[in-house]
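>>> build me a model from this:
(chains A, B, C, D, E, F, G and H, ligands or ions: 12)
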Protein chains: 8
Amino acid sequence: ERCGFSEVIYGEGKNVSLIADIIETQQRAGQSSLATRLAPSAAEWLQQKFPSGHYNSLARTFRTTAKNPQPPCPAEQKSFSATYHAAVVTAGSTDTPVAEEAIETLIWMEIPYQRFDDIGVAGPQRLLAAVPQLRQASAVVVIAGMEGALPAAIAGHLSAPIFAVPTSVGYGATLGGLTPLLGMLSSCASNVATVNIDAGFKGGYLAGIVVQQLLASHSPFGKIK
Amino acid sequence: ERCGFSEVIYGEGKNVSLIADIIETQQRAGQSSLATRLAPSAAEWLQQKFPSGHYNSLARTFRTTAKNPQPPCPAEQKSFSATYHAAVVTAGSTDTPVAEEAIETLIWMEIPYQRFDDIGVAGPQRLLAAVPQLRQASAVVVIAGMEGALPAAIAGHLSAPIFAVPTSVGYGATLGGLTPLLGMLSSCASNVATVNIDAGFKGGYLAGIVVQQLLASHSPFGKIK
Amino acid sequence: ERCGFSEVIYGEGKNVSLIADIIETQQRAGQSSLATRLAPSAAEWLQQKFPSGHYNSLARTFRTTAKNPQPPCPAEQKSFSATYHAAVVTAGSTDTPVAEEAIETLIWMEIPYQRFDDIGVAGPQRLLAAVPQLRQASAVVVIAGMEGALPAAIAGHLSAPIFAVPTSVGYGATLGGLTPLLGMLSSCASNVATVNIDAGFKGGYLAGIVVQQLLASHSPFGKIK
Amino acid sequence: ERCGFSEVIYGEGKNVSLIADIIETQQRAGQSSLATRLAPSAAEWLQQKFPSGHYNSLARTFRTTAKNPQPPCPAEQKSFSATYHAAVVTAGSTDTPVAEEAIETLIWMEIPYQRFDDIGVAGPQRLLAAVPQLRQASAVVVIAGMEGALPAAIAGHLSAPIFAVPTSVGYGATLGGLTPLLGMLSSCASNVATVNIDAGFKGGYLAGIVVQQLLASHSPFGKIK
Amino acid sequence: ERCGFSEVIYGEGKNVSLIADIIETQQRAGQSSLATRLAPSAAEWLQQKFPSGHYNSLARTFRTTAKNPQPPCPAEQKSFSATYHAAVVTAGSTDTPVAEEAIETLIWMEIPYQRFDDIGVAGPQRLLAAVPQLRQASAVVVIAGMEGALPAAIAGHLSAPIFAVPTSVGYGATLGGLTPLLGMLSSCASNVATVNIDAGFKGGYLAGIVVQQLLASHSPFGKIK
Amino acid sequence: ERCGFSEVIYGEGKNVSLIADIIETQQRAGQSSLATRLAPSAAEWLQQKFPSGHYNSLARTFRTTAKNPQPPCPAEQKSFSATYHAAVVTAGSTDTPVAEEAIETLIWMEIPYQRFDDIGVAGPQRLLAAVPQLRQASAVVVIAGMEGALPAAIAGHLSAPIFAVPTSVGYGATLGGLTPLLGMLSSCASNVATVNIDAGFKGGYLAGIVVQQLLASHSPFGKIK
Amino acid sequence: ERCGFSEVIYGEGKNVSLIADIIETQQRAGQSSLATRLAPSAAEWLQQKFPSGHYNSLARTFRTTAKNPQPPCPAEQKSFSATYHAAVVTAGSTDTPVAEEAIETLIWMEIPYQRFDDIGVAGPQRLLAAVPQLRQASAVVVIAGMEGALPAAIAGHLSAPIFAVPTSVGYGATLGGLTPLLGMLSSCASNVATVNIDAGFKGGYLAGIVVQQLLASHSPFGKIK
Amino acid sequence: ERCGFSEVIYGEGKNVSLIADIIETQQRAGQSSLATRLAPSAAEWLQQKFPSGHYNSLARTFRTTAKNPQPPCPAEQKSFSATYHAAVVTAGSTDTPVAEEAIETLIWMEIPYQRFDDIGVAGPQRLLAAVPQLRQASAVVVIAGMEGALPAAIAGHLSAPIFAVPTSVGYGATLGGLTPLLGMLSSCASNVATVNIDAGFKGGYLAGIVVQQLLASHSPFGKIK
Ligand SMILES: Nc1ncnc2c1ncn2[C@@H]1O[C@H](COP(=O)(O)O)[C@@H](O)[C@H]1O
Ligand SMILES: Nc1ncnc2c1ncn2[C@@H]1O[C@H](COP(=O)(O)O)[C@@H](O)[C@H]1O
Ligand SMILES: Nc1ncnc2c1ncn2[C@@H]1O[C@H](COP(=O)(O)O)[C@@H](O)[C@H]1O
Ligand SMILES: Nc1ncnc2c1ncn2[C@@H]1O[C@H](COP(=O)(O)O)[C@@H](O)[C@H]1O
Ligand SMILES: [Mg+2]
Ligand SMILES: [Mg+2]
Ligand SMILES: [Mg+2]
Ligand SMILES: [Mg+2]
Ligand SMILES: [Mg+2]
Ligand SMILES: [Mg+2]
Ligand SMILES: [Mg+2]
Ligand SMILES: [Mg+2]
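Numbers count the residues shown, from 1 in each chain, chains lettered A, B, ... in the order given. Ligands and ions are numbered 1, 2, ... in the order given. Modelled structure (predicted):
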């Protein structure tokens, strides 16, 4: 009786045959699958076993499409309109793998999204140029390393919720991502919430469910619950 | 040209006459005001200066109502329906001041909410009893100290976004709230985002804008932007 | 004149021939042996040298049976009854290696146990289903990573002592297990004590001696001391 | 249907009238009460309101006796024999307040105990002299600050479980008790589990339930569950 | 034979009569004085003893003018031109005391400066508006708390060196200023150097000596050494 | 319209073909290039692709000369005179790689410099002998590991700004460079600013722009802006 | 049968009447007493009770002379010669209270000493001037805050053991003394050992026993043991 | 004019040919050499180049004997008597490599020593048995990991200075040796000073110079300076 999305497989330290079992169980239940933080060898093995699946080597994810799509929960039939969508933003090109994980998650959730790359605080013009489009999104994932300044810099321009994802990019005082994590939490911007370091999956998922609620609320079946 | 909500005043370490100036400026602009983290003496002084304002001594907030409500931004006329609302949950009675801050914020935003007190993991029955009602909310603020386990315990039951607020309640290994903060971030629940320690305001604000987008999307003026 | 159990060999950073010497000394004294945190190469070498021993590659332990069981200390003749036993619980499947170490320890101590896998806070139904059986145990080892919420979630249901073992599973804010460690220590549950990160051995040993005291107190030889 | 001991009131940051309400509710249910970490002013107020209660100013606890002792849970009628008991040990005289909290807890639980003061590693003779008596206890609470060496020093002499309580006594490198906490967790002694800094209550409670299980298992009503 | 500026008195934890002695010694040597981090009581006592001195209660500094200005070191005669000057920037109004300390230092060094208040990343328009003027400065002090994002946000617009001063403003995850400190150090902006938390004095001093070298290099006496 | 120096490429975790693209873009714009923190394999690949470039394997940098030097920004024509220059100082021979990175940066900026090796606090005579020459520099980069004492030890002798670079050399209590970083920030020397651990590039760049401003201010084109 | 010096009383958090009891016990045993880290009120009370004792308010110590000096342990009769002595060095005037504690300890031990104040790395001339005298000492206590550079700076000049005492003087990045503590431990000087933050007593005691062994080895009674 | 011992070579991260150069320079000056923290490959290369040198692979040291022993500094002719010597103690067998480094240092210094292995707090009998011999030593190096309890446990039995060396042995809460480091510093034993994690060299060196002063003070040439 769990509604909404099926459980996502956390791949780190998990036996690859266990992962395959879960995917098969989900397929039998007519669900699509998403596994994250996979070792390359595990991902390649899964690709061979499930040739119609999609392995994203940057994101370290593996994703399958539901064989027999699960009948919707009461009031959940999705009728996507492009009106409501998420945005995924990175500060620099080294943040790309985390953005890929967020985007794989949104694709798996069937949520429309836009992507804005490399608009970190170092280049304020690029950031300002993106603002009008960013204001169209109903939820924004902002991925940044170093001091993690980008979410706060964007937040003042938007009224939608921002999900900030710190990355482990950097050296020395960045403490493997703890510094941007603490910085994002300390930000005085009121519309910024934070997730774990490198947790592109979580950022994407949270933005996805905010958009999903808007989409569902306008579907003929009414509000998702 | 900033839309949505007016800027909230961060009261800590700020001169009380500066705070009064800001409130007056906001009143002249037809905006309501919210000041947080006030010293008691500052709050009492504000209460005397703005007798129609509301001082919540537990929350350490002061709030005024707009004199001449600001004309809505394009497509923002609010038509609240009880259908969409937030929920505010505490783990224990010592988390109350933070919950009060979240609720003051929701009241100031004019967002409907429900409140669930003292349903921490220590008493699993009370938590389970609240689940059916919690599933009605479009965004949930979960406030907890100690190990910060409550958001993860609730998350599995809901598909709405959860904004977790760690509190500084506890001693020794709780490290003034760092332990529940890190715990909430580490949680494997996919629908949990975290804000700063004791940041009831942020939890309330984020839940508020998620609900606000749903309310606005159903208003005759369409989607808020 | 040390009673109870013989000394356990901490294998990390220890020369394998030194470990073999200790095992042989213990065998001459009629004692069984347990070595923990072994490198695979060391363990395989020991398996060849002591073919009747048992190497658990997940737990990274090696265990032998006493050649001539040591005559019991005054009043220590064991007469195991299934009534008194320990329980070993994991939050997720990535916690398995630590659980294996706890269980190898209990087997070596000849203490009866039950095992409950993957009943973390993410799936509250599985946890609730296990409670009636868990209440039969006289001591419970609870193994969990991430925020380490499971011991507190279980504690409210039981009156037996719980030995919480944080694991180093996770990334970013879990700080290699420090976050669940601090969370378990911060918990307001009164019947939870904590051991070091990944210390399945300690969790198993402590639960083992609690059960052992109950078993011994009902043996014809009276209370163990 | 919760058996065993009634809930203990965590007094820090809790309104004194709320505490009094809880005590009254517990009294009406025929339960005794224990409140910990009380501010002196709160404790004195409680003493006046409940004159038959007991305020321990060193321990910062307040304790009442059940008006109409709760009828025992199935199989829980207690028939205390002095055979099974706990021990409470301190390293130095500055650890006394934490020991008092542990002892108040044992008294409230009606568990027999012995007390050993000031036998820290600085004076090894005093420690060795206490060993024969310590070996009589079925569970031992060891309270120490600074480097927290005492539990490990005692552990080698005993086969019973030891509950180590680090204290916040010290300065500089003791980091308010984090250093003995981490030291106790790092100890290579296998029969030591640790609780939070200054958590005399928890140490006492855990030792209490280990002894309680032994006492109950020998009562005419059989094993407690 | 120490050239340039006389030693600045670090006032914290220093006896007020010792401070007065140092000021008198400096006066006899024809030097001006600057004392920082003074307790209010100490500062008021100094104001009474040296009535022509200047006490800045926000900055917690006390400053005197040289009685007989010290003859310049070889090649150090100052001929200030408004062309070369420093800038002092704050992110928010709570950063004011630290800015005051920086400015008192620049005044004492007789270095021209401009001041830009409250142009933090929350209000990107105000920041952009200040850029043309900021580009006139030869060294910039940027003072910010929370995540410490402002120096990086400004740095991309300027080619002069920026001295970033983190402040202890904030709560929870700001860790008393450690978070902005680490953030500023982690920034990928190449023209940002950092000083200690709340060290307005150091920020002002460093900007002052950069400007001073430019001023001196254009004086008739040539380059300062 | 960005003046001064072109953007420097942060090589860590960046695809080598992306780096080559950036270098080519900069070459087309008539700019020289500098890439830092390169993996050896990436650097060797770049050396082959751009044979006239310079790979410094100790510094892990790669540098190219502008094909068609960019026409100067208004008032920026450089007329280097040996008068103004930077100094680069190391405490010990293990700090060499970081010094090489600083020097590669200064060469790329075309800023004259002097180098002083291995004059750490352990050998006070060597430090004192270097002081007269060090006083000629307009900005000094001081690179040191362990306790990071050298910047403070040098600072008292100079009036120019010092850019302190902590290194990750050392073990145990040096915490991978955090200890010298914190030490440098804590120093009571007023003319010391600090950059990230191992950030030779930043130290060099900051010293470079201080010298550059002096050089430009004396060029026929006047002050750089 | 404990030889050498009697036990020193750690005054923090200890009841003043307990301290008086210990002093009286020591007096009855013919021993002198030393109590450290006393609250002013406790110290004043002791001064009144033991009028011939010596209260040092800066050091926060109280010291008494033995009534009937204890007969020496075998081979311990002291015949002090000025040849062997300790030195106590401070970096700055804010380190004075810790130096006073070290000196009170040396006086109580009856060990000759010399004192060198305010010779921190900021003023290298004063340090160099003191070196010839410092080389006469058989053990040196070096007390410094901030980055804790002084011990390393002195160590290269001496061959005697140096006991480094970090102080809690400073703000921000000094982390209440952790930074100089870690810096002193990280130093590459081979003759430096470190004690706890503000532990003037320990520094004095260790220097004292090194000198004491030299003095005793030349007494007619031979080597102390 | 540096007396006493020649400089020790810190081998980590240092080019092997640079190390060979230093050894050759020291040989030409008639000095013996000691290099520490060598990579195995570097050490083997040195062994081949200096066949009469001694490589200790556990200690990771390389040591040579002086070709033409350096004429003694004024008053330094050594006349070793077995009376004065150092002791080196380990808590467990995993501490052996650090003990080897300390002992190699003492051998190189030509200081007599005794060695006590594996007498950690887990086996109090072995510790007590060693005490009478330990009391003969004039300085004691105590090497321990985990909670670092051994120095405090030994200290109460001795009046000589103890140099405590924490080791990085352990996992989880031992934090790579930070926990025993902080524990040793926090110890209430007055005769314990601490050095860096795994710094066997420093422990040995400090004990060596304490003994050396005693030996020299009894040589015909009088006191070493
Ligand atoms: N990359 C990820 N980061 C954090 N949580 C994840 C990630 N991938 C999956 N999860 C969560 O982990 C849970 C599954 O854990 P497991 O049962 O160990 O596979 C799911 O509830 C997901 O929400
Ligand atoms: N001193 C204490 N330290 C830790 N936990 C405590 C303490 N006192 C009471 N508790 C626990 O706190 C819980 C009650 O919390 P509360 O509902 O906030 O009063 C009970 O389950 C007790 O087990
Ligand atoms: N607010 C401050 N922050 C950091 N350093 C300071 C401050 N004020 C003065 N100083 C430095 O402290 C030194 C004087 O220290 P003292 O001798 O203790 O007065 C001078 O060299 C100043 O550079
Ligand atoms: N293992 C070690 N740990 C700490 N310091 C050492 C060690 N070995 C040598 N040293 C010190 O490092 C200094 C030499 O450093 P370097 O010039 O880099 O070889 C000498 O003064 C030694 O005292
Ligand atoms: Mg970034
Ligand atoms: Mg809670
Ligand atoms: Mg878990
Ligand atoms: Mg203690
Ligand atoms: Mg700010
Ligand atoms: Mg160095
Ligand atoms: Mg100092
Ligand atoms: Mg050990």
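>>> so the longest helix along chain A versus helix B:200-217, what angle?
Selection of the longest helix in chain A by residue count, based on DSSP state H, yields helix A:200-217. Relative orientation of helix A:200-217 and helix B:200-217, computed by axes from the mean of the first three to the mean of the last three C-alpha atoms, to 10 degrees: 40 degrees.
>>> show me what helix A:200-217 is packed against.
strand A:86-90, helix A:96-109, strand A:139-144, strand A:162-166, strand B:192-194, helix B:200-217 (3 or more C-beta pairs under 8 Å, 6 or more residues apart in numbering or on different chains; DSSP states H and E). Where you see a C-beta, it was placed from the backbone N, CA and C, and this is true even at glycine.
>>> contacts only, for whichever residue of chain A sits closest to ligand 4.
Using C-beta to the nearest ligand atom, residue A:172 is the residue of chain A that sits closest to ligand 4, at 20.9 Å. By C-beta atoms under 8 Å, 6 or more residues apart in numbering or on different chains, the residues touching residue A:172 are E:185, E:186, F:166, F:168, F:177, F:181, F:196, F:197, F:198, F:199.
>>> is it true that the fifth one lies in a helix?
Just to be clear, that refers to residue F:177. Yes: Residue F:177: assigned to a helix according to DSSP: H, G, I helix; E, B strand; the rest coil.
>>> my guess is it meets residue F:197, correct?
Yes: Residue F:177 sits in contact with residue F:197 when judged by C-beta atoms under 8 Å, with a separation of 3.6 Å.
>>> shared neighbours of these two, which are they?
Common neighbours of residue F:177 and residue F:197 (C-beta under 8 Å, 6+ apart) are A:172, F:166, F:167, F:168.
>>> quick check: the two most widely separated of those?
Using C-beta to C-beta, the two most remote members of these are A:172 and F:167, lying 9.7 Å apart.
>>> roughly how far is the longest helix of chain A from the heart of the chain?
9 Å (C-alpha atoms, centre = their mean, to the nearest Å).
>>> what about it and ligand 1, touching?
Yes: using C-beta under 6 Å from any ligand atom, helix A:200-217 reaches ligand 1 at A:201, A:202.
>>> again with stretch A:93-106
No: judged by C-beta under 6 Å from any ligand atom, stretch A:93-106 stays clear of ligand 1, getting no closer than 6.9 Å.
>>> now stretch A:137-146
No: for stretch A:137-146, no contact with ligand 1 is found by C-beta under 6 Å from any ligand atom; the gap never falls below 13.6 Å.
>>> pull out the CA atoms of that stretch and give them to me as PDB.
Listed next in PDB are the C-alpha coordinates belonging to stretch A:137-146 (Å, rounded to 0.1, in the frame of the first residue of the first chain):
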ATOM      1  CA  ALA A 137      10.500  26.200 -12.200                       C
ATOM      2  CA  SER A 138       8.400  25.000  -9.300                       C
ATOM      3  CA  ALA A 139      11.400  23.500  -7.500                       C
ATOM      4  CA  VAL A 140      15.100  24.000  -8.000                       C
ATOM      5  CA  VAL A 141      18.000  21.700  -7.300                       C
ATOM      6  CA  VAL A 142      21.200  23.700  -6.800                       C
ATOM      7  CA  ILE A 143      24.500  21.800  -6.800                       C
ATOM      8  CA  ALA A 144      27.700  23.500  -5.600                       C
ATOM      9  CA  GLY A 145      31.000  22.700  -3.900                       C
ATOM     10  CA  MET A 146      33.700  24.900  -2.300                       C
END
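>>> may I have stretch A:124-131 as CSV, with CA atoms only?
Output of stretch A:124-131 as CSV, limited to C-alpha atoms (Å, rounded to 0.1, in the frame of the first residue of the first chain):
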residue,chain,number,x,y,z
PRO,A,124,27.6,36.6,-12.0
GLN,A,125,26.4,37.5,-15.5
ARG,A,126,25.7,33.9,-16.4
LEU,A,127,23.6,33.5,-13.2
LEU,A,128,21.6,36.7,-13.8
ALA,A,129,20.9,35.6,-17.4
ALA,A,130,19.4,32.4,-16.2
VAL,A,131,17.1,34.0,-13.6
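>>> how far does stretch A:161-176 stretch from start to finish?
26 Å (C-alpha to C-alpha, to the nearest Å).
>>> against chain H, how distant is residue A:52?
43 Å (C-beta to the nearest C-beta, to the nearest Å).
>>> check contacts around that residue.
A:64, A:65.
>>> ok, it to residue A:65 distance?
Between residue A:52 and residue A:65 the computed distance is 7 Å (C-beta to C-beta, to the nearest Å).
>>> now do the longest helix of chain A against strand B:139-144, angle only.
Using the same axes, to 10 degrees: helix A:200-217 against strand B:139-144 is 140 degrees.
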